[in-house]
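Chemist: what follows is a predicted protein model with its sequence.
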Amino acid sequence: MNQVKSRRSWSLIVGLVIISTITLVTLISLVWLPYPIDNTDGGRLSPPSWSHLLGTDKLGRDLVARLMVGARIALSVGFSAVLIAGIVGLTLGMAAGFAQRWLDESLSALLDILIAFPTLLLAMLIVAARGSSLTSAIFAIGLGMSAIIARLTRLLVKRVLAKDFITASRASGTSWPRIIVLHVLPNIWPTLIVSFALQFGLAGLAEASLSYLGLGAPPPNASWGSLLQEAQATVMTSPIAAIAPGLFLVALVIGVNLIADGLREIADPTLRRSR
Amino acid sequence: MAKYLIRRFAFLLLSLVLASITLFVLLRIIPGDPANALLSVGATPEQIAAAQHEVGSDLPLIIQFLNWVRDLSTFHFGTSIISSYPVGPEITSRLSLTVPLTLIAFVVAVAIALPLGFIAAFKAKTWYGTLLNGFSQLGIAIPVFWVGVIFIYIFALKFMILPSGGVPPEGWANIPGTLKYLLLPIATIALVMSSSLTRYVRSATLDVLGSDYLRTARSMGSTFTQAMTRHGLRNAAAPVISIIGIELATTFVGAVVVESVFALPGLGSLLVRSIAQHDYPVIQGVLFVSTFAVLMIGFLADLIQRIVDPRLISSSAGDLR
Amino acid sequence: MKPGKKFGVVGVAFAVALTLFATSAPANAASADATVDIGSLYEPQNLDNTGGGGQGVVEALNGNSYEGLYRLTDGGVVENLLATASKVSKDGLTYTFTLRSGVKFHSGKTMTSADVKFSLEKVSAADSKSARKSSFKVVKSIATPDAKTVVVTLSSRSISFIYNLTYIWIMNSAAKDFATEEDGTGPYKLSAWKRGSTLSLVRNDAYWGTAPKNKTVVYHYFTNATALNNALLTGAVDVITSAQSPDALAQFKSSSYKISNGQSTTKLILVFNDRVAPFNNVKVRKAITSAIDNKKLLASIWGDYGTLIGSMVPPTDPWYEDLTGVNPYNVALAKKLLAAAGYAKGFTFRLDTPQYDPHPAAAAFIKSELAKVGITVNINSVTDDQWYNNVYKKHDYAATMQEHVNDRDVVWYGNPDFYWGYNNTTVTSLINQAEQAPNARIQASLLKRANRIIATEAASDWIYLYPQIVVASSTLSGYPINGLNSQFYAYNIVKN
């Protein structure tokens, strides 16, 4: 048991290191970039050198600078999408969890439809309707994920509400809002955090796929997804331009997954019982 | 069971109606003029007017909606405003590629994921159990198109043993030829899908292994194999089927991206192209068919789940992802 | 259960599959009966070039399945095709064409003057989406005195009339569905079109002229340039009709491939809205033109390919001259002009940028260049739909970028209502006179004069002329290398 626990904490530490590094890069990019993002004086597709650590793209823009700005976009896509999913998902999930039977059932039915809908399909629908932009992408990804959060919230709320201490608390005349704040939220919060972390990584992947299809954020917004897509044409001649953004993206997803794994262990001790 | 069946079917129909209304509303409130898709630089004002008339957005919304419902009920879907081809046959011809691609890739993914997931669960403490777990983590984190690009680089460009994309002009009339072209796309989808499936199989197995009924059964004298076959499999099957349903839908949509990587004439590339061209009848048709497929998969998964484990009450068991 | 064993089984299955497929590659066919596989990014929308078929249908069917009265050769020369002779009246208003005898449509019907009349009227019909519709407004009437003769009367002189006829396919007047069926007179018949994938042509054995040097032509369509290049690298196609990026060309620099650098008519333009301030000021337009290093931009997008032309006129137009010196790249001059125009401290404008390549990259470059003279550019990414609505129809923009693909399109600067709103009465009258010129020499000299004024006033900034790059396997010869009007004649291609 101890062995299992230590492995879990390891994943939390590794995950946190990866994500803090990416966050640090993002913060630095706000105040400092090796070159302005529009600077095209680097010469087209120059190989890595001391002045351009990862070389330049076909317009002569520094790849390190572009990757740093990409980190900014990746984090903001993740945060905004999770925020949307959090607000919409929590509200719907809570409503369904507390609601009368008929409302709960219709909400659940709605969520079942939404959840059956892969996020990418939903995103393409929204892009088809609204045109491709970063906002469309974030909105679509966030909406797609909110169904997952909502269903999870509903399940957790139901579970808590069935507990004896809620009945006791109700009997002693505590109001519903107080019960939510005092009992429900503290009990469901840990599991939700884990889910948010996982969704954060998935948002990054979804954005990359949209960008690859040409339906993501249009230039000059250089997300890692668009960098990957651009670099595909030159993968034979300058592979580093294709590898670097890919590695960052993979690191981001693995980082949040590891954190989620670690958090899940802390949040839900029953999982420790895994044989 | 019969009562459940009727309820579930009613739910499916309701979902379809809701989905078609949503599609219609979303795609018709878009700012912009579909007629623009027909213009080229140099178009005269009267050509612009003619294009607008041809697209027919001048009809009242309610008439447009009724036309859309009529088209849907006959699986006709109208005609493309860009190509003036009927949308229905176009979708059917694209499905003849996307459906085999999805199904084959999915079967391969399940065939890989089941044994690997079991191994990862049974041998969770060994080094290769950990390694398998790590690999499945990596598989989830890599964008699917990137796997495709790497496969093309290795198998098509470097070793020249497989084609890099497209399909033979004869299509399915040449089955081995077409399969040869589909090998890399199938491998790409299967690799990515199998890594997330492996994780589900692993955690479902771990759940069963750690469950009380298994312990009880064993304490009452059953052998491990007996306990597993009598209780374990049945209990694990329900959530796995539900997840397989959801993952099959994901695979179907994942095919959209992979079709773009490998230049395959499937439903996905049709959708990407029609979005780029603002070809609304085609977008509506493709999205409706995709929705239909996704909902049907969910329906069938629920049904099978019921047959396997009749004790279930709620409509679909949830995974927590 | 040992994982190694499982992996082994999967591995063996994969290897077996590979060897099975690897041995099924077809042997090289004899040259005259060869199949030529052509890779392209431009799939037709439908088969009707007056019904919105797009540049793809021209590439696949023009000259291959459909023929006009005249043919524009790959070298840019107009020659007789279905017309064997023509007579022009003294006033230049009446054209009498004699048709070639023994020409049959693929359906078996003999071509007559009725088909020619039908085809010409189809271009100017109300539902025509032909980009050439406006050029045929001058046609007043079409008469068919007999089956072999067509008489066209114009309302005013049109020096480009014969040239414009090279665009017009002669179609079977009895045919029903032009969008989905082909019935032309050309050397190939359409044999199959798998939409989203391939279009196959097969030799027409009843062709009136010289038989094609190959038997089957298959156009393979791709939606991204990388997939197209990969197809050539793996031998799935023999030639690609236009390479889209120089970066990928490095992989074709070997003896197995031949890269041809031909003539194109596609220009990348920074379009000013000449109606509105500050772009109604010639000095501002000249300043911006001088502030952008077009040479560097061309190099960063196209490497060693492409041409600077300094005006709307590419070298294949008969009135071309090199005008790159008119508004040279000179930052000091740009600053001086800005100061003279009253914008010494610069200004800010919005650049409506289409989302597809190369516009976003070019816009980013322009932004960084103009920052050096104090002008701030806000890049506003627009969809095609927004572009047509706001820029093309409503003229609601300050500046935009667009690629203009047509040849001989400098004449659009003579239309003050066009989206760029360039309005110079001298230019308008010169362009009108040119169209009514008695001969090509006078037409060219008038258009040269007009073009010089347009360039000097920097009506737009003509950034560069695209290259037209055909990459082919070195086993192939006889393919066209100039992308004139997107046509791609396949009948002379020989495959060894």
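Modeler: Received the coordinates, thanks.
Chemist: residues in contact with the residue of chain B found nearest chain C?
Modeler: Here chain B gets closest to chain C at one residue, residue B:265, 3.1 Å apart by CB to the nearest CB. The way it works is simple: take the backbone N, C-alpha and C, and place the C-beta from them, glycine included. By CB atoms under 8 Å, 6 or more residues apart in numbering or on different chains, the contact list for residue B:265 reads B:93, B:94, B:97, B:167, B:259, C:194, C:195, C:196, C:197.
Chemist: which of the residues you listed fall in helices?
Modeler: Among these, DSSP state H puts B:93, B:94, B:97, B:259 in helices.
Chemist: how about TSV for these, with neighbour count, pLDDT and distance to chain C added?
Modeler: Shown next, in TSV, are the ones in helices among the contacts of residue B:265 (neighbours: other CB atoms under 10 Å in any protein chain shown; pLDDT from 0 to 100; distance: CB to the nearest CB, whole Å):
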residue	neighbour count	pLDDT	distance to chain C
B:93	18	90	7
B:94	24	91	7
B:97	27	92	9
B:259	28	90	9
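Chemist: burial count for the residue in the stretch 51-200 of chain B that chain A sits nearest to?
Modeler: Per CB to the nearest CB, residue B:141 is where the stretch 51-200 of chain B lies closest to chain A, at 3.7 Å. Neighbours of residue B:141 under the rule other CB atoms under 10 Å in any protein chain shown: 21.
Chemist: pretty sure it sits against residue A:202.
Modeler: No - when contacts are counted by CB atoms under 8 Å, residue B:141 is not listed as touching residue A:202 (9.9 Å).
Chemist: between the two, which contacts overlap?
Modeler: Joint contacts of residue B:141 and residue A:202 (CB under 8 Å, 6+ apart) are residue A:253.
Chemist: packing partners for the helix or strand containing residue C:217?
Modeler: For residue C:217, the host element (DSSP states H and E) is strand C:216-221. Contacts defined by 3 or more CB pairs under 8 Å, 6 or more residues apart in numbering or on different chains; DSSP states H and E place strand C:216-221 against strand C:35-40, helix C:54-61, strand C:198-203.
Chemist: out of the ones you listed, which gets nearest to residue B:111?
Modeler: strand C:198-203 (31.9 Å; CB to CB).
Chemist: now do the buried residues in that closest one.
Modeler: Of all the residues in strand C:198-203, those buried under the rule 16 or more other CB atoms under 10 Å in any protein chain shown are C:198, C:199, C:200, C:201, C:202, C:203.
Chemist: ok and the residue in the stretch 1-150 of chain A nearest chain B?
Modeler: Nearest residue of the stretch 1-150 of chain A to chain B: residue A:118, at 4.1 Å (CB to the nearest CB).
Chemist: re the thing from before, now do the residue of chain B closest to chain C against residue C:197, distance only.
Modeler: Distance, residue B:265 to residue C:197, by CB to CB, to the nearest Å: 4 Å.
Chemist: quickly list what's touching both of the two.
Modeler: residue B:167.
Chemist: what about the residue of the stretch 51-200 of chain B closest to chain A, distance to residue A:12?
Modeler: 17 Å.
Chemist: out of everything not next to it in sequence, what's closest to the residue in the stretch 51-200 of chain C positioned nearest to chain A?
Modeler: Across the stretch 51-200 of chain C, the shortest distance to chain A (CB to the nearest CB) belongs to residue C:196, at 15.3 Å. The spatial neighbour of residue C:196 that comes closest, neighbours along the chain excluded (CB to CB, 6 or more residues apart in numbering or on different chains), is residue B:265 at 3.1 Å.
Chemist: neighbours of the closest residue to chain A within the stretch 201-321 of chain B, how many?
Modeler: Residue of the stretch 201-321 of chain B nearest chain A, by CB to the nearest CB: residue B:253 (4.1 Å). Using other CB under 10 Å, residue B:253 has 24 neighbouring residues.
Chemist: so where does it fall, helix or strand?
Modeler: helix B:233-261.
Chemist: what is the orientation angle of whichever helix or strand comes after that helix with helix B:233-261?
Modeler: Per DSSP H and E, helix B:233-261 leads on to helix B:267-277 as the next helix or strand towards the C-terminus. Helix B:267-277 runs at 50 degrees relative to helix B:233-261, counting by axes from the mean of the first three to the mean of the last three CA atoms, to 10 degrees.
Chemist: helix B:267-277 and chain A, are they touching?
Modeler: Yes - Helix B:267-277 comes into contact with chain A (CB under 8 Å from any CB of the partner chain), by way of B:271, B:272, B:275, B:276.
Chemist: list the contacts of the last one.
Modeler: If you count contacts by CB under 8 Å, 6+ apart, residue B:276 has them with residue A:214.
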